[in-house]
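Asks: build me a model from this:
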Amino acid sequence: MKDAILPTARTMTAIQDCATDGTPPRALRLLLLFTVFYIPNQAHFPDFHIAGVNITNVLMALIFILVLRNRDKAPTPAPLKKSFGFFFLVLFWGFVVGRAHGGTRLFADLQDLKNSVLYMLLFFLAYHAVRDRNTMRLLLLAILFTTFIDIYLGLRQAQDYGFDFNVSRRVAAPFSWDPADANRSSAYYTLYLTLMAVVALYGRNIARSLRWGLLLIVAFGIFVDFFTYSRQSYGILAVLALLLAFRRHIALGLVVVAALLAYKAWLPDPVVARIDSAVAVQTMPGVVARGTSTQQLAKASDQRFLIWSAAGKLIEGAPWGIGLNHFTRDIGRYAPAAAFQDANNYYVLCATEDGVLAPVAMLVLLWGLYRLGRSVRKLDDSPESQVYGLGLELCTLVIVLVNLYGSRFVDGNLMSNFWIFAGFTARYRSILLASRARTTGVGSTPARALPRRDGPARPAPMGVPSATRLSATTASPFPRG
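Replies: Numbering: from 1, shown residues only. Now for the predicted structure:
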């Protein structure tokens, strides 16, 4: 029998107290809002011309200073410290190994290490800076608004290109007009369109007209993503559409299945040609069909496997790593045709540069983020818990998938808003559980407990309303590391 948490009046009062008493300073909120919009779109803004100093660094420093000056005592310590620390440690190890191998690019390696770590620290800055639910909603709205603006920029690029496929005319917004950024752009759209779809489908506390508007923007964004001509994003979007649709309603899921099977009837012709050429390459390996797009696709696929094979030889020769930021310098030793190219797979890249423990550290961190989302989703049946929890779960899944065909995990422009979202989702969980603990009078211990949705109920403590009790069976603590 379902035993969902039904907040009582006292619970809601306590939560509202947290939503008003802990509001961060206005300057801090404005800086966070500007950061959400600026980092993905910084290519469109002027920047400083001072080595080692840019607007992003200044923003991060100001947010850090304001967080320290207005530091509050969080209900619980920030989660996943050990997981982040493990990943940072392997990155630093890669830097040390690179220095041991010598070379004259110390500043470039230091900058790569700084950029890899800096944007991920937004998780902790958001956790400590965002202290109330109103600010969380505001930042979520800012992330969705930024996504909408970037969809518009992508549409303008596709329109300027004539909505026609050409390997040198692929949508790369919001990062540039360089077709080399097209796959990066597709990963960005896939990640944040997923979050927008979750808000539209599960934000039951939002006006229905606004939810329909968000769904229209999602459809609009998928249309723009088609013109990145990224095959992997097509597949990831199809998987996510099926997951969301079947989770919402089986009838909706069947409609999505029918739409995917009949893709030729509604997709733009260039996109259909791109998908068909991908199928042709996969079903007839070694046979290159006529047509420029198919030949280009076969060449790109062969190039990836050539790079991965060469990376395997580098790992075999140095399982401890070749050094952070050394992949493009060394890959040409085993694959001259792919000299100075990226790995096109972050798991391969980090294993090659930082040692075989690096992908393990990355997966440990991703698993922790997924569990964090799952724990938030299971807090209760409120729309906010479902949006934050399921949004974090599915966005983490997107990150797992997009890194199979690209090096995106430490891409700050792409990942910054995800780290902010994950950070304030963790703070939401902390606030809600602390409020529930105070309301029930049980103390601070249950602040890390996860309530259960179904199964046998535990008798309520003396004097505690049954609607607020926590399930004993599933009250397994969420690991801080």
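Asks: elements contacting the helix or strand harbouring Glu384?
Replies: If you go by DSSP states H and E, Glu384 is part of helix 383-402. In terms of contact count using 3 or more Cβ pairs under 8 Å, 6 or more residues apart in numbering; DSSP states H and E, helix 383-402 is assigned the packing partners helix 133-160, helix 182-202, helix 231-248, helix 357-377, helix 412-440. No exception for glycine: its C-beta is placed from N, CA and C like everyone else's.
Asks: avg pLDDT for the last one?
Replies: This points to helix 412-440. pLDDT averaged over helix 412-440 equals 92, rounded to a whole number.
Asks: could I get the helices and strands packed on helix 383-402 as a markdown table with distance to Val58 and mean neighbour count?
Replies: Written out in a markdown table, the entries for the helices and strands packed on helix 383-402 read as follows (distance: least, Cβ to Cβ, whole Å; neighbours: other Cβ atoms under 10 Å):
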| stretch | distance to Val58 | mean neighbour count |
| --- | --- | --- |
| helix 133-160 | 19 | 19 |
| helix 182-202 | 23 | 25 |
| helix 231-248 | 33 | 18 |
| helix 357-377 | 27 | 21 |
| helix 412-440 | 14 | 24 |
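Asks: who wins for proximity to Leu118 among those helices?
Replies: Distance to Leu118, taken as Cβ to Cβ, is lowest for helix 412-440 among those, at 6.8 Å.
Asks: how far does the closest one sit from its chain's centre?
Replies: In this view, helix 412-440 has its centroid 15 Å away from the chain centroid, taken as Cα atoms, centre = their mean, to the nearest Å.
Asks: which secondary structure elements does that helix contact?
Replies: Contacting helix 412-440 under the criterion 3+ Cβ pairs under 8 Å, 6+ apart are the following elements: helix 9-21, helix 26-38, helix 122-129, helix 133-160, helix 182-202, helix 357-377, helix 383-402.
Asks: any idea how far Arg438 is from the residue nearest the centre of the chain?
Replies: For the chain, the residue lying nearest the average C-alpha position, counting by Cα atoms, centre = their mean, turns out to be Phe418 (4.4 Å). When distance is defined by Cβ to Cβ, to the nearest Å, Phe418 is 31 Å away from Arg438.
Asks: ditto for Leu254
Replies: In terms of Cβ to Cβ, Leu254 sits 45 Å off from Arg438.
Asks: repeat that for Leu139.
Replies: For Leu139, the distance to Arg438 equals 25 Å [Cβ to Cβ].
Asks: do Gly162 as well
Replies: According to Cβ to Cβ, Gly162 stands 60 Å off from Arg438.
Asks: on that earlier part again, make TSV from the helices and strands packed on helix 383-402 and add distance to Phe223 to it.
Replies: As requested, the helices and strands packed on helix 383-402 are arranged in TSV below (distance: least, Cβ to Cβ, whole Å):
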stretch	distance to Phe223
helix 133-160	8
helix 182-202	10
helix 231-248	11
helix 357-377	28
helix 412-440	20
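Asks: which stretch among those approaches Phe107 most closely?
Replies: The stretch from these with the least distance to Phe107 (Cβ to Cβ) is helix 412-440; that distance is 17.9 Å.
Asks: got the angle between that closest one and helix 182-202?
Replies: Angle, helix 412-440 to helix 182-202, by axes from the mean of the first three to the mean of the last three Cα atoms, to 10 degrees: 30 degrees.
Asks: Arg304 reaches Val348, doesn't it?
Replies: No - between Arg304 and Val348 there is no contact, the gap being 9.7 Å when judged by Cβ atoms under 8 Å.
Asks: same drill for those two, tell me which one is more crowded.
Replies: Neighbours per residue, other Cβ atoms under 10 Å: of Arg304 and Val348, the larger number sits with Val348, 24 against 16.
Asks: so what's the residue count around Ala219?
Replies: When neighbours are defined as other Cβ under 10 Å, Ala219 has 11 of them.
Asks: next: Cys395.
Replies: Other residues near Cys395 number 25, with proximity taken as other Cβ under 10 Å.
Asks: ok, now which ones touch it?
Replies: Contact analysis of Cys395 by Cβ atoms under 8 Å, 6 or more residues apart in numbering lists Leu191, Thr194, Leu195, Gly373, Phe418, Phe421, Ala422.
Asks: read off the pLDDT value for it.
Replies: pLDDT, Cys395: 97.
Asks: how far away is it from Gln111?
Replies: For Cys395, the distance to Gln111 (Cβ to Cβ) stands at 27 Å.
Asks: swap in Ile63?
Replies: Between Ile63 and Gln111 the distance, using Cβ to Cβ, works out to 20 Å.
Asks: same thing with His249?
Replies: Summarising the geometry, the distance separating His249 from Gln111, computed by Cβ to Cβ, is 49 Å.
Asks: more neighbours, these two?
Replies: It is Gln111, of His249 and Gln111, that has more neighbours when counted by other Cβ under 10 Å, with 14 against 11.
Asks: and that one, what element?
Replies: When secondary structure is defined by DSSP H and E, Gln111 falls within helix 106-118.
Asks: got the CA positions of that helix in CSV?
Replies: Below are the C-alpha coordinates for helix 106-118, written out as CSV (Å, rounded to 0.1, in the frame of the first residue of the first chain):
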residue,chain,number,x,y,z
LEU,A,106,53.0,24.4,-18.3
PHE,A,107,50.6,27.4,-18.5
ALA,A,108,48.4,25.5,-20.9
ASP,A,109,48.3,22.4,-18.7
LEU,A,110,47.5,24.6,-15.6
GLN,A,111,44.7,26.3,-17.4
ASP,A,112,43.3,23.0,-18.5
LEU,A,113,43.4,21.8,-14.9
LYS,A,114,41.8,25.0,-13.6
ASN,A,115,39.0,24.9,-16.2
SER,A,116,38.3,21.2,-15.5
VAL,A,117,37.8,21.9,-11.7
LEU,A,118,36.5,25.4,-11.7
